[in-house]
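K.L.:
Build me a structure from this.
(one chain, ligands or ions: 1)
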Amino acid sequence: MNRELLISNLRNIPNFPKPGIQFKDVSTLFKDAECFREMLDELTRLYANKGITKVVGIESRGFIMGAALAARLGAGFVMCRKPGKLPGETIKKNYAKEYGTDSIEIHLGAIEPDDTVLIHDDLLATGGSMRAAYDLVQFFKPKATFINFLIELRMEGLDGRSAFAPGTDISVLLTIDE
Ligand code: AMP
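P.N.:
So this is what the prediction gives:
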């Protein structure tokens, strides 16, 4: 992966959505045609031989590359959404955020035991939202589960990878140390 291409296209927006947060704006990664294609090419290379049958995207920025990658891999695409958005019967997982709690849902029947799943989101911070999605996916007892982020944010006091058991298969395209 061309790290410089990613860095030059990623926009940092200070103090969004609240003071003190350095928001990594992935919209500028998607806006640039070359950058978008390179990310998709790299993810396709990483997962082409893993037998992925379902890509799960986390609302909402995980939907963009997740859906494009699913089409490339010949896999189905499943949405993991904020509460109350999915119309069918769902299972729900609550998780802790920096302040307060949140939850996400997935449709019952979205994944089968013979699926091999890749869960994708744009960014790893505390790992709370991906861990909740991972736990939801495990409810369906898939054959295997892989995790991918476009960006891993590392800073003092923030270790998103520790939310997952050692040996969990996690890939990232770009790590940012702050
Ligand atoms: P976490 O659950 O703490 O790992 O947070 C990851 C989720 O929150 C992802 O869906 C990101 O889109 C979003 N997020 C958290 N922190 C940031 C940040 N500094 N910049 C951009 N997105 C963020």
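K.L.:
drop to CA atoms for contacts and neighbour counts, all remaining ones
P.N.:
Fine.
K.L.:
Past the longest strand seen in the chain, which element shows up next along the chain?
P.N.:
In the chain, ranked by residue count with DSSP state E as the criterion, the top strand is strand 144-154. Following strand 144-154 in sequence order, the next helix or strand is strand 170-177 (DSSP states H and E).
K.L.:
how close does the residue nearest the centre of the chain get to the ligand?
P.N.:
Nearest residue to the geometric centre of the chain (CA atoms, centre = their mean): residue 121, 1.5 Å. The spacing between residue 121 and the ligand, counted by CA to the nearest ligand atom, to the nearest Å, is 6 Å.
K.L.:
do the same with residue 96
P.N.:
In this structure, residue 96 and the ligand are 9 Å apart, going by CA to the nearest ligand atom.
K.L.:
burial count for that residue?
P.N.:
A count of nearby residues for residue 96, using other CA atoms under 10 Å, gives 13.
K.L.:
same question, residue 147
P.N.:
Neighbour count of residue 147, defined by other CA under 10 Å: 19.
K.L.:
wait, what's in contact with it?
P.N.:
Residue 147 is in contact with 118-120, 168-171, counting by CA atoms under 8 Å, 6 or more residues apart in numbering.
K.L.:
Where neighbours are concerned, which of those has the most?
P.N.:
Neighbour max across those (other CA under 10 Å) = residue 120, 30 neighbours.
K.L.:
Mind listing the strands the strand or helix carrying that one pairs with, and their directions?
P.N.:
For residue 120, the host element (DSSP H and E) is strand 116-124. Using DSSP bridges, strand 116-124 pairs in its sheet with strand 54-58 (parallel), strand 144-154 (parallel).
K.L.:
hmm, back to that, and the contacts of residue 147, which two are the farthest apart?
P.N.:
Using CA to CA, the contacts of residue 147 span at most 13.9 Å, a distance reached by 120 and 168.
K.L.:
hang on, the earlier thing: which one of the strands paired with strand 116-124 is the most hemmed in?
P.N.:
Most buried of those by mean neighbour count (mean count of other CA atoms under 10 Å) is strand 54-58; its value is a mean of 27.
K.L.:
can you list contacts of the strand holding residue 120?
P.N.:
Against strand 116-124 from outside (CA under 8 Å, 6+ apart): 26, 51-58, 61-63, 66, 130, 133-134, 142-153, 160.
K.L.:
try it again with 6 Å
P.N.:
Strand 116-124 has contacts (CA atoms under 6 Å, 6 or more residues apart in numbering) with 52-58, 61-62, 66, 142-153.
K.L.:
ok, now stretch 7-25?
P.N.:
28-29.
K.L.:
Up against the ligand, what does this structure have?
P.N.:
By CA under 6 Å from any ligand atom, the residues of the chain that approach the ligand are 21-25, 122-129.
K.L.:
This completes my enquiry, with thanks.
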